[in-house]
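# Could you look at this predicted model? Sequence included:
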Amino acid sequence: MVKIGQYNTLKVVKSVDFGLYLDGEELGEILLPTRYVPENTKVDDELEIFLYLDSEDRLIATTEKPLATVGDFALLEAVAVNRFGAFLNWGLPKDLLLPYSEQRHDIEIGEKYFVYIYLDEETNRIVATSKTDKFLDQSPVNYEPGDEVEIFPVFKNSIGYRVLVNEHVWGMIYHDEVFSPVRRGVRGKAYVKKVREDQKLDLTLQKPGYTAVEDFSDILLRYIKEQGGTISITDKSDPETIKNAFNVSKKIFKKAVGKLYKDKKIEIETDKISLTS
């Protein structure tokens, strides 16, 4: 089934001066304009295209890739506002409409907004909404402390970063759990620290438990070797110095130092750590 707002693989059925026509099955023949036609494409070839409506609400195919598709959450920049609503840049010539009825607050041009993209069943138009909670999975969360998850950072506030977890539920990474850069709109990985009573998640960027210590102990040992066998950062150093140097907490650092010492790979002095000779 051919889907609007999604990638589809369609067969070329006709070549014309202004492009190719593709077999859109129940949607009929769909134009792929010349500017999007890959070189040496011919009738009966199959192409992966993205399908949407152009400025005159006609079905159009493109080989360009939008920043997000129907069913995606995304962080998109507002580029215009008129009587119909706001328009967001999603990487295609026709900007994406965010209707007034789907806005949580006033939109400012140049700002980025967290939205969900969906297909309006009445008009077949692809639109965005900033009222995203209604599109989250409402089933109970099924996570355990230590689970690895994908995060989509949405905004930063005084206590940390609010993130979307696995496109499913809201989570929070508190500032004291941030030991590597978190960028708004850039997906990454995190680990479940706690499942709260409200079904939201507290997260950490570090692997929990001894796994994190083992991973970091290898990194620390390699770092000491790269520094000529001695470093001036010790388990007595302040947490900020350790965080700036290694993007880990002092707790993880001290455990890794203890592990390397127990394994007789390092010697610890008051003001330095050295490799064993």
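Noted; the coordinates are in hand. Numbering: from 1, shown residues only.

# ok, then the element right after the helix or strand bottoming out on mean pLDDT in the chain?
Least confident helix or strand, the chain: helix 209-226 with a mean of 76, by mean pLDDT, DSSP states H and E. Past helix 209-226, heading to the C-terminal end, the next element that is a helix or strand (DSSP states H and E) is strand 230-231.

# Alpha carbons of stretch 131-141, as CSV, please.
The C-alpha coordinates for stretch 131-141 follow below in CSV (Å, rounded to 0.1, in the frame of the first residue of the first chain):
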residue,chain,number,x,y,z
LYS,A,131,0.3,19.0,21.2
THR,A,132,2.5,15.9,21.2
ASP,A,133,1.3,14.1,24.3
LYS,A,134,-1.8,12.7,22.6
PHE,A,135,0.5,10.8,20.2
LEU,A,136,2.6,9.1,22.9
ASP,A,137,2.0,5.5,23.6
GLN,A,138,-0.4,5.4,26.6
SER,A,139,0.4,1.9,27.7
PRO,A,140,2.2,1.3,31.0
VAL,A,141,6.0,1.6,30.7
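
# Quick check: buried residues in stretch 12-32?
Using 16 or more other C-beta atoms under 10 Å as the burial criterion, the residues of stretch 12-32 that qualify are 12, 19-24, 27, 30-32. (Glycine included, C-beta is placed from N, CA and C.)

# what about the helix or strand residue 51 falls within, average pLDDT?
Here residue 51 is covered by strand 46-53, with elements defined by DSSP H and E. Taken as a whole, strand 46-53 has an average pLDDT of 94.

# Tell me which other helices or strands that strand touches.
In terms of contact count using 3 or more C-beta pairs under 8 Å, 6 or more residues apart in numbering; DSSP states H and E, strand 46-53 is assigned the packing partners strand 7-16, strand 29-33, strand 59-62, strand 125-129.

# Switch those strands over to JSON lines; also include distance to residue 101.
Putting the helices and strands packed on strand 46-53 into JSON lines (distance: least, C-beta to C-beta, whole Å) gives the following:
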{"stretch": "strand 7-16", "distance to residue 101": "28"}
{"stretch": "strand 29-33", "distance to residue 101": "29"}
{"stretch": "strand 59-62", "distance to residue 101": "25"}
{"stretch": "strand 125-129", "distance to residue 101": "9"}
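
# Make CSV out of those and add mean pLDDT and distance to residue 191.
Putting the helices and strands packed on strand 46-53 into CSV (pLDDT from 0 to 100; distance: least, C-beta to C-beta, whole Å) gives the following:
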stretch, mean pLDDT, distance to residue 191
strand 7-16, 94, 31
strand 29-33, 94, 44
strand 59-62, 93, 38
strand 125-129, 95, 30
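
# The ones you listed: which one's closest to residue 224?
strand 7-16 (48.0 Å; C-beta to C-beta).

# where in the chain is pLDDT low?
Scanning the chain for pLDDT under 70 picks out the ranges 179, 208-214.

# Quick check, central residue of it?
Centroid check for the chain by C-alpha atoms, centre = their mean gives residue 187 as the closest residue, at 2.4 Å.

# Was I right to think that residue contacts residue 163?
No. Between residue 187 and residue 163 no contact is recorded; they are 9.5 Å apart, counting by C-beta atoms under 8 Å.

# what do these two both touch?
Overlap between the neighbourhoods of residue 187 and residue 163 consists of 151-152, taking contacts as C-beta atoms under 8 Å, 6 or more residues apart in numbering.

# re earlier: buried residues in the strand holding residue 51?
Of the residues in strand 46-53, those with enough neighbours to count as buried (16+ other C-beta under 10 Å) are 47, 49-53.

# can you check stretch 170-177 too?
Buried positions in stretch 170-177, judged by neighbour count with 16+ other C-beta under 10 Å: 170-173, 177.

# Rebuild the residues you listed as TSV, extending it with distance to residue 238 and secondary structure.
Converted to TSV, these look like this (distance: C-beta to C-beta, whole Å; DSSP: H, G, I helix; E, B strand; the rest coil):
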residue	distance to residue 238	secondary structure
170	33	strand
171	29	strand
172	26	strand
173	22	strand
177	18	helix
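
# Surely residue 87 is in a helix?
No. Read with DSSP: H, G, I helix; E, B strand; the rest coil, residue 87 is strand and lies in no helix.

# Now do the same contact list for the residue lying closest to it once chain neighbours are set aside.
Nearest-residue entry for residue 87: residue 95, 3.9 Å, with adjacent residues in sequence omitted and distances by C-beta to C-beta, 6 or more residues apart in numbering. Taking C-beta under 8 Å, 6+ apart, we find residue 95 in contact with 79-80, 87-89.
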